[in-house]
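> Build me a model:
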Amino acid sequence: MRTRFALIVLGSLALGGCALTPASGPESWDVLGRHTNTLPYAVVRITPQANAVLAKLLPRLIKFAEQRRPDDIRLGIGDIVSVTIFEANSGGLFIPSEAGVRPGNFVTIPNQAVDAQGNISVPYAGQIRANGRTPVQVQNAITEAIKNRAIEPQVVVSVVDQRTSLITLLGGGQARRIPASAKPERVLDVIARAGGTTASTSTIGPGPDTWVVLERGKNRAVAPFGALLYEPANNVFVHPEDIIYLYNEPQTFLAFGAFGSQQQIPFGAWRITLAEAVARAGGLVDGAADPSSVFVYRGEPRETALELGVDCTPFTGPLIPIIYNINFRDPAGYFLASNFEMRNKDMIYVSNSVSVESSKAMVYFQTINATVQAPISTAISAKTLQNLLSGTGSSTTAVITNPTVPPPAQ
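Residues are numbered from 1 along each chain as shown. Okay, the predicted model is just below:
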């Protein structure tokens, strides 16, 4: 009877996936079998192909890298310009004959702003279009307007106060707009010209949690500050009217299951891989972890999920819940983990090995068996004592009640 009961208990534990035993999370067969009634999810094996797809989603500024260098600075409404006109000889349009020959033979027109219609006014040339043109183009337009009246005129247009073609730099509670340089500059050049990350962002320095956002028109990209330093392709050209935003956002991941440490862990660097994250969590517990059951929980855009080969028909919404799986029993798995970059708020879970769950089941069964055997053993002991008392008479009773009295001779 007891053997039959034990077999029933063991069978129930096996069929129930050891659901009655303590555990820190789902078993590997539950994850891979997608046993859930709450939220559908997809399981994706980490492979070189999967890493290649995910590399396209890394937060970087590379999306702007293929664009050409910025055009020359163009004038805009409100810019203050200076116009200087040179003539070859006196007696022309701007240099009277009685003035004689003097060095340069030039005249400078008072500074003026590009008006609301986008024009500037030049004597004898009239209204000259300046908005949207480079200074060289404005020079040529003025020269063309007066070439038949002045003596071999040459014109120089200079920007006195650049109020358009600005670059906005935000961060640390401060905001600055600096003029775009005539020499093409990259993101780090602009940050340095503005005084560096410390000067321009007060409390923000180029630490592991510093991020850079570049916004241009309707396009936006974000990257860790370290990517601009260690991956030069991210240090892209800056265009006039770009917005650069520096901010601080701590990067962390969560570790659960058969780890040496189960907690929220900061990255501590501008980027870390899955292999580094496992090491930061204390590594896999040798006596408990299943190296083939390392999982990363993450939500991916629908487009990325489709590229990973996920059937997205059961899912609604733009983000698809995905559980990535990697096998650390495979020696190549460590190379794959070194190319899998972690993201903020990722969750890593390692399930227990089958042997650990079997040991838990045996301990659980032993506890049940001991609980069942205890009243049986007590009943047997009581029955034995009762038989002993009823079979030996009062002499035995005397021996029991008064151990100092010697037993009667037989």
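
> any chance you could map the strands in the stretch 151-300 of the chain?
For the stretch 151-300 of the chain, strands defined by DSSP state E, counting those that start in this stretch occupy the ranges 154-161, 166-171, 174-179, 210-216, 219-224, 243-248, 252-257, 264-266, 289-301.

> among those, which is nearest residue 30?
Taking CB to CB as the criterion, residue 30 comes closest to strand 289-301 out of those, the separation being 10.2 Å. C-beta here means a position set from N, CA and C on the backbone, and glycine is covered the same way.

> Name the residues of the closest one that are buried.
Residues of strand 289-301 classed as buried by neighbour count (16 or more other CB atoms under 10 Å): 289-298, 300.

> Which neighbouring elements make contact with it?
helix 28-32, strand 319-326, strand 346-352 (3 or more CB pairs under 8 Å, 6 or more residues apart in numbering; DSSP states H and E).

> helix or strand right after the first one?
What that stands for is helix 28-32. Counting by DSSP states H and E, the next helix or strand C-terminal to helix 28-32 is strand 42-45.

> could you give me the average pLDDT of that following strand?
Along strand 42-45, the predicted local confidence has a mean pLDDT of 95.

> strands paired with that strand, and their directions?
As defined by DSSP bridges, the strand partners of strand 42-45 come to strand 319-326 (parallel).

> List of residues touching the partner strand?
Residues lying outside strand 319-326 but in contact with it, judged by CB atoms under 8 Å, 6 or more residues apart in numbering, are 31-32, 39-46, 50, 274, 293-302, 305, 308, 310, 312, 315, 333, 336-337, 340.

> What subset of those is buried?
Buried residues within these, defined by neighbour count using 16+ other CB under 10 Å: 31-32, 41-42, 44, 46, 50, 274, 293-298, 300, 305, 308, 310, 315, 333, 336-337, 340.

> picking that back up, and the strands of the stretch 151-300 of the chain as JSON lines, adding distance to residue 25?
As requested, the strands of the stretch 151-300 of the chain are arranged in JSON lines below (distance: least, CB to CB, whole Å):
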{"stretch": "strand 154-161", "distance to residue 25": "64"}
{"stretch": "strand 166-171", "distance to residue 25": "40"}
{"stretch": "strand 174-179", "distance to residue 25": "45"}
{"stretch": "strand 210-216", "distance to residue 25": "31"}
{"stretch": "strand 219-224", "distance to residue 25": "30"}
{"stretch": "strand 243-248", "distance to residue 25": "32"}
{"stretch": "strand 252-257", "distance to residue 25": "5"}
{"stretch": "strand 264-266", "distance to residue 25": "16"}
{"stretch": "strand 289-301", "distance to residue 25": "9"}
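
> Helix, strand, or coil at the spatially most central residue of the chain?
Among the residues of the chain, the smallest C-alpha distance to the mean C-alpha position (CA atoms, centre = their mean) belongs to residue 343, namely 4.1 Å. Here residue 343 is coil, with the state taken from DSSP: H, G, I helix; E, B strand; the rest coil.

> Now do the contacts for it.
Remark: with contacts taken as CB under 8 Å, 6+ apart, residue 343 is in contact with residue 298.
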